[in-house]
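Asker: pasting the structure only:
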């Protein structure tokens, strides 16, 4: 069987690529390509062949996207290749970096220039990934259950939101009426790290004396407190502008990027002269990528430092860790502050990207979503946090929306499927509205069948296997 | 507003806090029972509560249709609604346990986050299922309880306080439920088995107790209490949405922690304290700060009190200090 894997995959990939060349607008071709990506990543194929296959698939998918930028399936395929080249164990570093860079910096921008939804999706994934990485330090590595994590995101967002908009002039005499110019965002990204980290310490100081479920409820409560404050601090002094939120938040100057895009001739892909809309989409895409890169780098360095090991020690056995001389509270506080800093910096970027900050974005729901990214991806695993965030984001704002569009088309045209006329389908059944249902179902099934997450951390993988082994022996 | 006026509205405020407190206490018991037995924060309990409210609403609509009421007497109708909600929510809780939590238990994972995430997943699922139901059946999101004059009649009490009949019913029903539960847990065979399982599941199973059955029944009882509380809550606030359960559920969970999670009297006391804290701060804050800090800050007070209390008594008011085995 293993001997057949390579030729079979090769043949299938070749067929699907041939299909893509002959009939680029056919969705069957896309499905075949998706299947090829899966085969090339999951089959037992020699490393060299796999690298080559992935490269060819990247090229084909990029070309398809260039021909038809609204081709979602091709985009998902590209994401699949991206994930594959970072997660597959036996690819050489050169191939990983080359393929990853090609997809992130060439393929996605080319497609995004014509279909800016793809940029939007990329930015969204990046923001959520940073949040997941932050919470991963707290929950995944240090084992501290934090249910109020969105508070730190809010702190970062409000840090720039208040001072980068006309809002600050409301309570500071002589403040520039339009707020600080957008270029101060870079400074405030650094400030957001500091304010979020300080908030992390402030919330952590009382909360971290507690353990387990008590910690969970206290962080949840304090997270709610931050949200309620954001919602109500419009009197006596108008600091946050209450539930209306703050708008417009200034964005940095991107003139240089517009010129660069014109210089490389991107307007031919865009179809009209480069305007600020597409430049900002591209700019925030790059900015988020950069921040994510830094966050991942810091995260990896931290995880392998003595702090990272101390966190894991506390997670595995707090008492033993204490006995070994690890100072519990400072180490936990550091985890809290680090996690908070990661989400604080993304908060500032988020505020500038949306040009709007309101308490709505920082509810308990948001905190729980971030927790779900971490758990789905695999607790304690850095790549897991990114994959978890990407998977859920693509599902929520990509796949479900596409599916509901498809369903709507079916309903309007009255297609009959399995003897049921789709025109009779009640209009209330719109999958895009019921994302929580799908999401909840996925969470439940995931926890039952793969509790260690999509990309488990080594230690968890071993533990879960042991637990399963024990359970099996227990029932025997 | 002067000091004397503030004092005059105090009894009324306390009474309203009591009403809210009893509802919280009933929901908190569901959390506490499950936590006591499984050590699991059953986040889906707030949805079981919400489903109870929806079932109650359906009973009111179905049998209390003003054109052709099958059950004309509102008190009888309420009783039927409570009964149906208790059964429906209880069964829902059992189903959740059977299909979401039991498979995890059989897997034997020691990670406490896994069941927690499952609970969150279940609660999302139930919220949207209810939303689909509401959309298909009523084509609306916000469902209104029917109001009855007999239930809304205002009764004058001493100290210039007034209470609606339904408020009185809430207090009576919840006290009865709470007493019945205390009796059940402390005096009956089932209660003994529940306590045994919560002490040590493995040893209990050696003593001839089937933990699965006992856990199932615990969920049934907790869910039934949640359902009753849901109907009473719906009656009090007159509208239900698929997301109505979240906030009361959160408060109830806070009450359970406040009282010492896993402890039944603790959950009641915690609920009552939280109810008082919330209504008193909600009523007085705007007065005391000249309207600068509105009623919205009541939740801030509730949570900050929780934090303060847990700092001094990390195990909750009634919780026992569990010494660590090394």
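Answerer: Structure received. No experiment lies behind these values; they were computed from the predicted model shown.
Asker: which one is the residue in the stretch 151-300 of chain B that chain A sits nearest to nearest to, not counting chain neighbours?
Answerer: Relative to chain A, the nearest point of the stretch 151-300 of chain B is residue B:292 (4.1 Å; CB to the nearest CB). The C-beta positions use only the backbone N, C-alpha and C, and glycine is treated the same way. Using CB to CB, 6 or more residues apart in numbering or on different chains and skipping the chain neighbours, the partner closest in space to residue B:292 is residue A:236 (4.1 Å).
Asker: can you map out the strands along the stretch 101-250 of chain B?
Answerer: Counting by DSSP state E, counting those that start in this stretch, one finds strands in the stretch 101-250 of chain B at the ranges B:143-144, B:154-157, B:161-164, B:239-240.
Asker: residues contacting the residue lying closest to residue A:183 once chain neighbours are set aside?
Answerer: With CB to CB, 6+ apart as the criterion, residue A:183 has its nearest non-adjacent residue at 5.0 Å, and that residue is residue A:252. By CB atoms under 8 Å, 6 or more residues apart in numbering or on different chains, the contact set of residue A:252 is A:182-183, A:185-186, A:283, A:352.
Asker: relative to residue A:121, which of those residues is nearest.
Answerer: Using CB to CB, residue A:283 comes nearest to residue A:121 of the contacts of residue A:252, at 15.9 Å.
Asker: list only buried entries from the contacts of residue A:252.
Answerer: A:182, A:185, A:283, A:352 (16 or more other CB atoms under 10 Å in any protein chain shown).
Asker: and the residues you listed, which of them are in helices?
Answerer: A:185, A:283, A:352 (DSSP state H).
Asker: near chain B, which of those residues show up?
Answerer: Among these, no residue sits close to chain B (CB under 8 Å from any CB of the partner chain).
Asker: packing partners for the helix or strand harbouring residue A:126?
Answerer: If you go by DSSP states H and E, residue A:126 is part of helix A:116-135. In this structure, helix A:116-135 packs against helix A:108-114, helix A:150-163, helix A:276-303, helix A:328-354, helix A:364-377, helix A:382-393, with contacts taken as 3 or more CB pairs under 8 Å, 6 or more residues apart in numbering or on different chains; DSSP states H and E.
Asker: chain center to the last one, what's the gap?
Answerer: Averaging C-alpha coordinates over helix A:382-393 and over its chain gives two centres that are 6 Å apart (CA atoms, centre = their mean, to the nearest Å).
Asker: now do the helices in chain B.
Answerer: Under DSSP H, chain B gives helices at B:3-8, B:10-38, B:45-63, B:74-96, B:102-107, B:113-137, B:149-152, B:165-187, B:189-199, B:201-206, B:211-237, B:246-259, B:264-288, B:298-312.
Asker: mind listing the strands for chain A?
Answerer: Using DSSP state E, the strands assigned to chain A run over residues A:416-417, A:420-421.
Asker: how far away from the center of its chain is the first one?
Answerer: Translated: strand A:416-417. Taking CA atoms, centre = their mean, one finds the center of strand A:416-417 at 36 Å from the center of the full chain.
Asker: looking at the ones in helices among the buried ones among the contacts of residue A:252, which is nearest chain B?
Answerer: Distances from chain B to those, taken by CB to the nearest CB, are shortest for residue A:352, at 28.0 Å.
Asker: list the contacts of that closest one.
Answerer: Taking CB under 8 Å, 6+ apart, one finds A:160, A:164, A:182, A:185, A:249-252, A:284 in contact with residue A:352.
Asker: could you rerun that using 7 Å?
Answerer: A:160, A:164, A:185, A:249, A:251 (CB atoms under 7 Å, 6 or more residues apart in numbering or on different chains).
Asker: just to revisit the earlier point, turn the strands of the stretch 101-250 of chain B into JSON lines, including distance to chain A, mean pLDDT and mean neighbour count.
Answerer: Listed next are the strands of the stretch 101-250 of chain B as JSON lines, based on distance: least, CB to the nearest CB, whole Å; pLDDT from 0 to 100; neighbours: other CB atoms under 10 Å in any protein chain shown:
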{"stretch": "strand B:143-144", "distance to chain A": "14", "mean pLDDT": "80", "mean neighbour count": "18"}
{"stretch": "strand B:154-157", "distance to chain A": "32", "mean pLDDT": "76", "mean neighbour count": "10"}
{"stretch": "strand B:161-164", "distance to chain A": "29", "mean pLDDT": "78", "mean neighbour count": "16"}
{"stretch": "strand B:239-240", "distance to chain A": "17", "mean pLDDT": "86", "mean neighbour count": "19"}
